[in-house]
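Undergrad: predicted coordinates and the sequence they were generated for:
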Amino acid sequence: MTDKTDIIHEASLNILENVGLRLHGPEVLELVAGHVSRVEGDRVFFRGDEVMKWVGQAPSSFTLHARNSVHDVLLGGDNVSYAPGYGCPLMVDADGTRRGALLRDYVRLARLVQAMDCFHINGGILAEPQDVSPAYSHALMIYTAILNSDKALLGIAGSAAEVGRIMNMAAMLFGGRGRLLEKPVVLTLVNTLSPLQIDANALATIRTCADFNQPVIISPGPMAGATGPVTLAGNIALANAEALAAIAVCQMLRPGLPVVYGLMPTTTDIRTGGVSIGSPGLSVQTAWCARLARRYNLPCRGGGALTDAGRVSAQSGYESMMSMLVSAREHINLVLHSAGILAGFAAMSVEQLLVDAEIVRMVEYLLADLAVDEKNLALDVIEAVGPGGEYLTARHTMQNCRRAPWLPEISVRGAADPADFDRRFSGNLDRKLHALLDGYQQPGLEQGLRTELERYLLAEGVPAGMLAVAAGSACAGA
């Protein structure tokens, strides 16, 4: 019986050969035209052997180096790493108020991601601050992440100038452009434009990253029923075609460029025309993203803790648990959107971030192997307690009670008055949040390097007051 990944793969090659893909970038188009047998205007048609020759040049794994090497991330194999939500313009506060995100929200999110062990990558668009000019928002967000975290760094796609500023800052941070050419230090998410297009900004981002030899996530996100076929197999085949073509373009620009295969196909709520990410349809597609990535021997990105709920609620819990469980079960190498997302990618929530972090802990415990050995079988303890005894006061229980059972940090347990549940649950969230922020310590950054970064950003038009907010001086208690 033919494997389903083979069927989807062949369907994607059929799309690339017979339908083609539009490239909105003359310079890249000219380059690609020299490597394929058919181009019509800005539409490129790939034969199967043409596209797969280039896809095969991308490495099967790579290490994303952090400023603090303790936080280096290996992407590939069965490794699973987590990054928080990305790209939301809105914040949802604890009382359900929905508002535009601010730079101080970005600072707080960056500090929480730094403080929580479950997250491995920081930066990117943790929340898109509405009080920051688009003229310099990319550079300021990355500067904020650099100041407030020393974990591996997620970049931001944009124009050649915007991505170039981020690469220049990374070069300052890691010892010059030559060092960037030697090792991956900033990973950038690039979305195709479904159906079957790569826009000018995406191509500019890919070109700039290739110039600096920095890795990219190629992430098509067709909405089944809107920008892709309503049937999931067709939507995956379309997304896969876009991914293969974009990965081939990356390798044409720089053979061996590290690439993450990052399908993020969603579904459409046909009743409204809006995106749905809390649907099991998304989780089904996430699973096939991982399986296709393994077929191509590439690291993958996908999934997360995803929900259509507008605030922390039962819905935000069960939808996020479903998508996170699938992501971890399928060994998605980079789980982006692993925490904090609400309202179908529209909003971030600090409270949901804490809930999702608890979900990550639960899922990791659930999927870990059962330890079956002399110590864990505890036959000597069972013999000592005997029939009718109790284990609560046994020395074995005292020695293992902090790590053997799974213990929640937020969930409410016990036979409390149901009317008091919301107060206790909110109190647990509030205590956890304040413990993280109170215990946060800003990672050290050599003063000369910080001064160099500040001078560069000031020269690029970033106001000094915004640099102060990025450093947290205007965010006390935030």
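TA: Noted; the coordinates are in hand.
Undergrad: which residues does the spatially most central residue of the chain contact?
TA: The centroid of the chain falls nearest to Leu336 when counting by C-alpha atoms, centre = their mean (1.6 Å). Residues near Leu336 by C-beta atoms under 8 Å, 6 or more residues apart in numbering: 83, 86, 154, 189, 217, 262, 301-302, 304. To be clear about C-beta, it is placed using only N, CA and C from the backbone, and glycine gets the same treatment.
Undergrad: out of those, flag the one nearest to Leu31.
TA: Ile217 (21.1 Å; C-beta to C-beta).
Undergrad: what helix or strand does the closest one sit in?
TA: Using DSSP states H and E, Ile217 sits in strand 216-218.
Undergrad: hmm, who's touching that strand?
TA: 187-190, 192, 205-206, 209, 243, 246-247, 250, 257-262, 301, 334, 336.
Undergrad: partners of that strand, with directions?
TA: Within its sheet, and counting by DSSP bridges, strand 216-218 is paired with strand 186-190 (parallel), strand 259-261 (parallel).
Undergrad: just to revisit the earlier point, give me the subset of the contacts of Leu336 lying in strands.
TA: 154, 189, 217 (DSSP state E).
Undergrad: need those in CSV (columns: pLDDT and neighbour count).
TA: Formatted as CSV, the ones in strands among the contacts of Leu336 follow (pLDDT from 0 to 100; neighbours: other C-beta atoms under 10 Å):
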residue, pLDDT, neighbour count
Leu154, 98, 25
Leu189, 98, 24
Ile217, 98, 24
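Undergrad: surely Leu203 meets Leu31?
TA: No: the pair Leu203 / Leu31 is not scored as a contact, 10.2 Å apart, by C-beta atoms under 8 Å.
Undergrad: quick check: the residue nearest to Ala152 when sequence neighbours are not counted vs Ala339, distance?
TA: Counting by C-beta to C-beta, 6 or more residues apart in numbering, Ala152 lies nearest to Ala66, which is 4.2 Å off, once chain neighbours are set aside. Here Ala66 is placed at a distance of 19 Å from Ala339 (C-beta to C-beta, to the nearest Å).
Undergrad: now Ser133
TA: 28 Å.
Undergrad: so which of these two has more stuff around it?
TA: Neighbour totals were compared for Ser133 and Ala339, and Ala339 leads with 31 against 12 (other C-beta atoms under 10 Å).
Undergrad: next up, the contacts around the nearest residue to Arg294 once chain neighbours are set aside.
TA: Among residues not flanking Arg294 along the chain, Cys300 sits closest, at 7.7 Å (C-beta to C-beta, 6+ apart). By C-beta under 8 Å, 6+ apart, Cys300 lies in contact with 260-263, 289-290, 292-294, 332-334.
Undergrad: go again using 6 Å as the cut-off
TA: If a contact means C-beta atoms under 6 Å, 6 or more residues apart in numbering, then Cys300 has 261, 289-290, 293, 332-333 as its contacts.
Undergrad: which strands or helices does the host helix or strand of Cys209 pack on?
TA: Taking DSSP H and E as the definition, Cys209 sits inside helix 200-211. Applying 3 or more C-beta pairs under 6 Å, 6 or more residues apart in numbering; DSSP states H and E, one finds that helix 200-211 contacts helix 160-174, strand 186-190.
Undergrad: distance to Pro405 added to these, as CSV?
TA: Below are the helices and strands packed on helix 200-211 laid out as CSV (distance: least, C-beta to C-beta, whole Å):
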stretch, distance to Pro405
helix 160-174, 42
strand 186-190, 36
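Undergrad: out of the ones you listed, which is closest to Leu467?
TA: Nearest to Leu467, of all these, is helix 160-174, at 12.7 Å by C-beta to C-beta.
Undergrad: quick one: the closest one to helix 200-211, angle?
TA: 30 degrees (axes from the mean of the first three to the mean of the last three C-alpha atoms, to 10 degrees).
Undergrad: how about the helices in the stretch 251-400 of the chain?
TA: Assigned by DSSP state H, counting those that start in this stretch, the helices in the stretch 251-400 of the chain fall at 280-295, 314-329, 350-367, 374-377, 379-385, 395-400.
Undergrad: which of those helices sits closest to Asn168?
TA: Nearest of the helices of the stretch 251-400 of the chain to Asn168, taken as C-beta to C-beta: helix 350-367 at 30.2 Å.
Undergrad: so for the closest one, mean pLDDT?
TA: Averaging pLDDT along helix 350-367 yields 96.
Undergrad: equivalent analysis for stretch 249-257, please.
TA: Average pLDDT, stretch 249-257: 98.
Undergrad: list the contacts of it.
TA: Outside stretch 249-257, the residues within contact range by C-beta under 6 Å, 6+ apart are 31, 35, 54, 57, 206, 210, 259.
Undergrad: so which of the residues you listed comes closest to Pro129?
TA: Of the contacts of stretch 249-257, the one sitting nearest to Pro129 (C-beta to C-beta) turns out to be Ile206, at 25.4 Å.
Undergrad: could you check how far that closest one is from Leu193?
TA: Note on Ile206: its distance to Leu193, by C-beta to C-beta, is 13 Å.
Undergrad: who has more neighbours out of the two?
TA: Ile206 (27 against 19).
Undergrad: need the contact list for that one.
TA: Counted by C-beta under 6 Å, 6+ apart, Ile206 has contacts 190, 216, 250.
Undergrad: nice, that's everything, thank you.
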